[in-house]
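Colleague: Got a sequence here, can you build the structure:
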Amino acid sequence: MSHANAALTPRHRMRVARLVVIDGWPISEVAARFQVSWPTARRWVDRYLAGESMHDRSSRPKSSPNKTRAKVSKRCVSLRIRLREGPVQLGARLGIAPSTVHRILCTARLNRLSYTDRATGEPIRRYEHNYPGSLVHVDVKKLGNIPDGGGWRYVGRRQGERNRAATPGKPKTQWHSPKLGYAYLHTIIDDHSRVAYTEVHDDETAITAVEVLRRAVEWFEQRGVEVERILSDNGGAYRSALWRDVCEELRIRPKRTRPYRPQTNGKVERFHRTMADGWAYARCYSSEQERRDALEVWLHHYNQHRPHSACGKQPPFTRLINLPDQYS
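Modeller: Coordinates of the predicted model:
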């Protein structure tokens with residue numbers, strides 16, 4: 001690839017050489033026509049006669065005696081992951097300049113601690129499938145139901161416990177049946193577009209999970225997205241034979257994350273965090289039903305209006321390519 005200010009591209013260099021060698025033009029006239037010096041034109045003629053490429057040669061030296069040894073670079077990366085120290089500290093340990101450490105870390109994409117996983121220190125490996133439906137993520141988020149009168153996050157723990165005690169059907173202690181005390185958010189989110197589909201249920205059984213999957217697949221199909229693969233954690237519902245059979249029926253390939261690695265399913269995990277901040281705990285709800293009724297409006301805002309940093313600061317729906325009436 002020639003540089004931005006190159007007078008001749010490889011195609012024009014070939015033309016210069018052929019005008020001189022084949023058509024017999026004088027080098028001075030060809031150089032004047034293409035507005036380059038005659039030594040430059042002579043260089044491309046000589047390369048043409050030698051059968052060499054017209055592309056720029058690499059400026060990299062044939063040997064680098066002072067190049068940092070690979071063993072030192074690997075040691076530097078290993079210490080960065082394990083100790084999370086900066087270039088000055090790592091340079092003192094390895095006996096090299098901090099600038100050299102910085103260069104090694106930039107090459108390994110470890111120059112910022114935000115590029116590493118907080119729990120393991122390993123580099124964060126980001127990925128994104130090429131088109132909608134190639135992969136969707138599924139997960140369940142458990143939230144405590146809000147007692148009538150409001151939850152303790154907004155009215156205080158003492159008043160929240162009073163509201164819980166006064167709410168019909170809600171036990172007075174926090175150690176209660178999940179069916180009475182929790183809401184389960186079943187979410188399926190597209191890997192490429194980040195378009196999300198969520199339902200609230202009172203359990204996370206396999207029967208509920210497969211029914212959510214059926215409705216989600218139909219919802220995505222209405223928006224021109226055909227689901228091909230689905231990635232889940234190792235929850236009981238997703239390890240069940242029912243889940244496997246329904247995926248086979250819908251022609252979806254089920255996949256599961258490695259145990260104790262929720263980062264692999266990070267897109268839906270991050271969505272649940274966004275949902276908690278933007279909907280679940282965004283304001284004081286007077287009852288659980290009021291919060292559930294507000295979910296549809298918030299999901300519409302998230303999918304069609306809220307800018308998403310992973311979508312070029314555009315709403316997730318802008319990444320769908322087969323929406324009805326999109327090209328009318």
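Colleague: Quick one: the helices in the chain, in order.
Modeller: 10-21, 27-33, 38-49, 70-83, 87-94, 98-107, 152-155, 157-166, 178-181, 206-221, 241-249, 266-275, 288-293, 295-304 (DSSP state H).
Colleague: With distance to Val195 as extra columns, can I get these in CSV?
Modeller: To be clear about C-beta, it is placed using only N, CA and C from the backbone, and glycine gets the same treatment. Conversion of the helices of the chain to CSV gives the following (distance: least, CB to CB, whole Å):
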stretch, distance to Val195
helix 10-21, 43
helix 27-33, 56
helix 38-49, 53
helix 70-83, 34
helix 87-94, 41
helix 98-107, 34
helix 152-155, 29
helix 157-166, 35
helix 178-181, 29
helix 206-221, 8
helix 241-249, 20
helix 266-275, 10
helix 288-293, 21
helix 295-304, 5
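Colleague: Compare these and give me the one nearest His129.
Modeller: Distance to His129, taken as CB to CB, is lowest for helix 266-275 among the helices of the chain, at 10.4 Å.
Colleague: and that closest one, what other elements does it pack with?
Modeller: Here helix 266-275 touches strand 136-144, strand 182-190, helix 295-304, going by 3 or more CB pairs under 8 Å, 6 or more residues apart in numbering; DSSP states H and E.
Colleague: which one of these lies closest to Arg229?
Modeller: When these are compared by CB to CB, strand 136-144 sits nearest Arg229, at 7.2 Å.
Colleague: Tell me the helices and strands packed up against that closest one.
Modeller: In terms of contact count using 3+ CB pairs under 8 Å, 6+ apart, strand 136-144 is assigned the packing partners strand 182-190, helix 206-221, strand 229-232, helix 266-275.
Colleague: Dump these to CSV, plus distance to Ala241.
Modeller: As requested, these are arranged in CSV below (distance: least, CB to CB, whole Å):
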stretch, distance to Ala241
strand 182-190, 19
helix 206-221, 8
strand 229-232, 15
helix 266-275, 23
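Colleague: To Pro259, which of these lies closest?
Modeller: Closest of those to Pro259 is strand 229-232, at 12.4 Å (criterion: CB to CB).
Colleague: Show me what the closest one is in contact with.
Modeller: 134-139, 188, 191, 213, 238, 247, 252-257, 264-265 (CB atoms under 8 Å, 6 or more residues apart in numbering).
Colleague: how deep is Cys76 tucked in, by neighbour count?
Modeller: 24 (other CB atoms under 10 Å).
Colleague: List the contacts of it.
Modeller: 90, 94, 96, 101, 104-105.
Colleague: go with 7 Å
Modeller: Counting by CB atoms under 7 Å, 6 or more residues apart in numbering, Cys76 touches 90, 94, 101, 104.
Colleague: And the helices of the chain, which one averages the lowest pLDDT?
Modeller: For these, the stretch scoring lowest in mean pLDDT is helix 178-181; its value is a mean of 50.
Colleague: re earlier: can I get the buried ones among the contacts of strand 229-232 as something I can paste into ChimeraX?
Modeller: In ChimeraX syntax, the buried subset of those is picked out as below (16 or more other CB atoms under 10 Å):
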select :134,135,136,137,138,139,188,191,213,238,247,252,254,257,264,265
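Colleague: thinking again about what came up before, now, among the contacts of Cys76, which is nearest to Ser286?
Modeller: When these are ranked by distance to Ser286 (CB to CB), Leu90 comes first, at 54.8 Å.
Colleague: Disregarding residues adjacent in the polypeptide, which is nearest to the closest one?
Modeller: Among residues not flanking Leu90 along the chain, Val101 sits closest, at 4.7 Å (CB to CB, 6 or more residues apart in numbering).
Colleague: Surely the one you found touches Pro87?
Modeller: Yes - taking contacts as CB atoms under 7 Å, Val101 lies within contact range of Pro87: 4.0 Å.
Colleague: ok so, going back, turn the helices and strands packed on helix 266-275 into a markdown table, columns for distance to His201.
Modeller: Written out in a markdown table, the entries for the helices and strands packed on helix 266-275 read as follows (distance: least, CB to CB, whole Å):
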| stretch | distance to His201 |
| --- | --- |
| strand 136-144 | 9 |
| strand 182-190 | 5 |
| helix 295-304 | 12 |
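Colleague: Trp44: which of these is closest?
Modeller: Proximity to Trp44 (CB to CB) singles out strand 182-190 among these, at 50.9 Å.
Colleague: what's the closest one in contact with?
Modeller: The contact list for strand 182-190 (CB under 7 Å, 6+ apart) reads 132-133, 136-145, 196-204, 208-209, 212, 216, 225, 267-268, 271-272, 288.
Colleague: Just the buried ones out of the residues you listed, please.
Modeller: In terms of neighbour count (16+ other CB under 10 Å), the buried residues within the contacts of strand 182-190 are 132-133, 136-141, 143-145, 196-199, 201, 204, 208-209, 212, 216, 225, 267-268, 271-272, 288.
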